[in-house]
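Participant: Okay, here's the prediction I keep looking at, along with the sequence it came from:
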Amino acid sequence: MLALTQTPSLRMDLGVRTYVGRTEIDFSRALDQHAEYCRLLAGCGAAVRVLETNAHFPDGVFLEDTAVVLDEVAIVASMGTSARRGELPGIELVLREYREVERIELPALLEGGDVLRIGRKLLVGLSDRTDAAGIAALAALAGRYGYSLATAVARGCLHLKTACTALPDGRLLVNPDWLDVAALKGSEWIAVPEQEPWGANVLLIGDQVVLPAAHERTAALVAQLGFTPRSVDISEFTKAEGGVTCLSLLLA
């Protein structure tokens, strides 16, 4: 597995905020945390490539939002906020090294943080950043390669993956306050501890579950379910509304 990551920007403080207040970011600490995140991914068995492509964009470090990477194709997102659309040409050039590339075209809106892949199924969030036209465009593109698609409404949070990610056995880790769980019919899901509403955002590297160090109760839950939790401090990135999935694009 290859993990693409992006060097944090000196301008992180200027990034877009939607559901969190604006808090000063310690950039030196952010650099240290990003380096530790990359080391953890490597320790889990991923080959890590650190990009400088979008270091001048405040939110460029959250490169998951820029694309949906499938086995056969990389689909470049259209981005639900205009402030981030300048990131797309750079990431498209990188992705062309590994995949054929398709694009979601404006005015349809879609961000990669709203797309959760579970095998050959894509669960897509209707959110502040992804609209019905974006979901339809993704369904058309991914459908060419045999992927099915289901939609769930994300509310009170930035992206679907803020409220829902998958565990290694395909069960879903969910904050039901932030997701229309009726859309999960046919899928087994487990609620995160109420004290950790952001705990549903975890990243899988094989059977290892990467999650923020602040989510100790969620880590304990993951361990009880039989998986290996791997914690990393990303506190400076959570100030910018980021999570562990946001900081990388994974290519199998």
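Facilitator: On my side now, so go ahead.
Participant: Check which residues of stretch 108-123 are buried.
Facilitator: Neighbour-count burial for stretch 108-123 flags 108-117, 122-123 (criterion: 16 or more other C-beta atoms under 10 Å). C-beta coordinates here come from the backbone N, C-alpha and C atoms, glycine included.
Participant: and these, which of them are in strands?
Facilitator: 115-117, 122-123 (DSSP state E).
Participant: Cross-check the contact I'm expecting between Ala46 and Ala3.
Facilitator: Yes: between Ala46 and Ala3 there is a contact at 4.2 Å, judged by C-beta atoms under 8 Å.
Participant: Please enumerate the shared neighbours of the two.
Facilitator: 205, 250 (C-beta atoms under 8 Å, 6 or more residues apart in numbering).
Participant: Do a quick rundown of the helices in the stretch 101-250 of the chain.
Facilitator: Counting by DSSP state H, counting those that start in this stretch, the stretch 101-250 of the chain has helices at residues 132-143, 160-163, 216-224, 235-238.
Participant: one step back: tabulate the ones in strands among the buried residues of stretch 108-123 (a markdown table), appending pLDDT.
Facilitator: A markdown table is the format used below for these (pLDDT from 0 to 100):
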| residue | pLDDT |
| --- | --- |
| Val115 | 98 |
| Leu116 | 98 |
| Arg117 | 96 |
| Leu122 | 97 |
| Leu123 | 97 |
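Participant: Now that Glu64 has come up, it's in contact with Asp114, right?
Facilitator: No: the criterion here is C-beta under 8 Å, and Glu64 misses it with Asp114 at 10.1 Å.
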